[in-house]
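> Structure for this input, please:
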Amino acid sequence: MADGGFVRLPDGSVVVALAVPRPDASGRTVRVLVHAANRPRALTRLRNLGLRAVYLRGNAAPPTPDEISAVLHHPEGVVWRSAPCGLTESWHPMTHLFRSAPTLAS
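Okay, the predicted model is just below:
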């Protein structure tokens, strides 16, 4: 992915940020943040959650300080939101990314 990056924290762990396509094939992208011991472990966590084709090449878009705070304060250490994001959209847990869209019954 060209739109991603990482930041090494003082304790040696990393926060990785990636822009990935939504799993529902809507054509939209989401920005995913993951906190892990190292970069390979972060990518493995995302692959284990179902995002199979995630790669980090370069450091073109590292996480901002606000994004780092968001993922560090989340109990799972993995969050996402739409990219580009609206000013009012908050971070969501990964389980919300894989929920199917609600259907309207007629």
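
> what's the nearest residue to the residue positioned nearest the centre of the chain if we skip its chain neighbours?
Centroid-nearest residue in the chain: Val32, 1.0 Å away (criterion: C-alpha atoms, centre = their mean). The shortest distance from Val32 to any non-neighbouring residue, by C-beta to C-beta, 6 or more residues apart in numbering, is to Trp80 (4.6 Å). C-beta coordinates here come from the backbone N, C-alpha and C atoms, glycine included.

> got it, and Pro63?
For Pro63, the closest residue by C-beta to C-beta, 6+ apart turns out to be Ala17, at 4.0 Å.

> Same question for Pro93.
Per C-beta to C-beta, 6+ apart, closest to Pro93 is Glu76, 6.0 Å.

> how close does the residue nearest to the centre of the chain sit to Leu49?
9 Å (C-beta to C-beta, to the nearest Å).

> Could you name every residue contacting both of the two?
Val78, Met94 (C-beta atoms under 8 Å, 6 or more residues apart in numbering).

> my read is Val71 is in a helix, agree?
Yes. Under DSSP: H, G, I helix; E, B strand; the rest coil, Val71 sits within a helix.

> Could you pull up the residues touching it?
Val71 neighbours (C-beta under 8 Å, 6+ apart): Val15, Leu33, Val34, His35, Pro63, Gly77, Val78, Val79, Trp91.

> what secondary structure does His35 sit in?
strand.

> give me every residue that touches it.
His35 makes contact with Ser13, Val14, Val15, Ala42, Val71, Leu72, Gly77, Val78, according to C-beta under 8 Å, 6+ apart.

> likewise Val14?
Val14 neighbours (C-beta under 8 Å, 6+ apart): Phe6, Val7, Arg8, His35, Ala36, Ala37, Asn38, Arg39, Ala42.
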